[in-house]
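1. dropping a prediction and its sequence here:
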Amino acid sequence: MQDKKAVKQKFALVTGGSRGIGRAICIQLAKDSEYNILINYYSNKTAAKETLKSVEEAGGHGELMPFNVTDAENVKSTLDTWHEANPNAIIEVIVNNAGITQDGMFMWMKAEDWSKVIDTSLNGFFNVTNHLIQKLLVNKYGRIINMVSVSGLKGTPGQTNYSAAKGAVIGATKALAQEVAKRNVTVNAVAPGFISTDMTQDLDEKELKKMIPANRFGTAEEVAHLVSFLASEKSGYITGDIININGGIYS
């Protein structure tokens, strides 16, 4: 009789994996690990397919997993259906990357702009991680990596909602890490500064880089290398940490 453990497939789930930093993480994990990549997206299927193509070109395997991280029932039903269809699979790595910005001065901020940002970064982290964490604990191995921001550490004017969301995820990272460490599950956060992606394309890079000691924006690939390390077995004694990748910007 064939040993089921011998054929268990290992997966890494990257939320918001269709573009920007999420795409770079999917590709880097495909290059550096044996994980099959689950590329989560919500609405941009074309971009998600492009990410999948890049993952395959990098020598990896992947599949698309559409769901809305803010919708707990959608998250649950999608992941449950996937597990039923893949009984010998285990999601060992969770990269909570999905996030949006709705910038504006707080005094003029609409309630919906507050809620959308909180829902995506903070509640998205809860919906995905809470549903999967029991399997990680039973498996006695896992890597949870939360994408936060320099805004969550020092606060950024015009981004009170985003700073609040990322700051909350930082607190959750530190607390959860202590709850699950004995089961060989690590929980860390990566805090990028200014990174050249779709989210920063409207910023005045020439002016902003003057305040960055490294005198440039970072790349999505640089962030992805850090995430890939945290997703590996090599990072087993790092947990509850917030790792900055910001070219030297600190509060």
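-> Yep, that arrived. Numbering: from 1, shown residues only.
2. by contact count, what packs against the helix or strand harbouring residue 54?
-> Following DSSP states H and E, one finds residue 54 within helix 45-57. Where contact means 3 or more Cβ pairs under 8 Å, 6 or more residues apart in numbering; DSSP states H and E, helix 45-57 is packed against helix 20-32, strand 36-41, strand 62-66. To be clear about C-beta, it is placed using only N, CA and C from the backbone, and glycine gets the same treatment.
3. what's the closest of the ones you listed to residue 90?
-> Closest of these to residue 90 is strand 36-41, at 10.4 Å (criterion: Cβ to Cβ).
4. so what secondary structure elements neighbour the closest one?
-> So strand 36-41, by 3+ Cβ pairs under 8 Å, 6+ apart, packs with strand 9-14, helix 20-32, helix 45-57, strand 62-66.
5. adjacent strands (with direction) for that strand?
-> strand 9-14 (parallel), strand 62-66 (parallel) (DSSP bridges).
6. out of these, nearest to residue 225?
-> Nearest to residue 225 among these is strand 9-14; the distance by Cβ to Cβ comes to 14.5 Å.
7. what comes up buried for the closest one?
-> Of the residues in strand 9-14, 11, 12, 13, 14 count as buried by neighbour count, 16 or more other Cβ atoms under 10 Å.
8. tell me which of the helices and strands packed on strand 36-41 sits most buried.
-> Highest mean neighbour count among these (mean count of other Cβ atoms under 10 Å): helix 20-32, with a mean of 25.
9. only alpha carbons, please: show that one as PDB.
-> The C-alpha trace of helix 20-32 is given here as PDB (Å, rounded to 0.1, in the frame of the first residue of the first chain):
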ATOM      1  CA  GLY A  20       3.500  43.900  -7.900                       C
ATOM      2  CA  ILE A  21       5.200  42.500  -4.800                       C
ATOM      3  CA  GLY A  22       2.800  39.500  -4.700                       C
ATOM      4  CA  ARG A  23       3.700  38.500  -8.200                       C
ATOM      5  CA  ALA A  24       7.400  38.800  -7.400                       C
ATOM      6  CA  ILE A  25       7.000  36.600  -4.300                       C
ATOM      7  CA  CYS A  26       5.200  33.900  -6.400                       C
ATOM      8  CA  ILE A  27       8.000  33.800  -8.900                       C
ATOM      9  CA  GLN A  28      10.800  33.800  -6.300                       C
ATOM     10  CA  LEU A  29       9.200  31.000  -4.300                       C
ATOM     11  CA  ALA A  30       8.900  29.000  -7.500                       C
ATOM     12  CA  LYS A  31      12.600  29.500  -8.100                       C
ATOM     13  CA  ASP A  32      13.800  28.900  -4.600                       C
END
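10. how close does the closest residue in space to residue 62 that isn't next to it in sequence sit to residue 233?
-> For residue 62, ignoring the flanking residues on the chain, the nearest one in space by Cβ to Cβ, 6 or more residues apart in numbering is residue 37 at 3.8 Å. Note on residue 37: its distance to residue 233, by Cβ to Cβ, to the nearest Å, is 17 Å.
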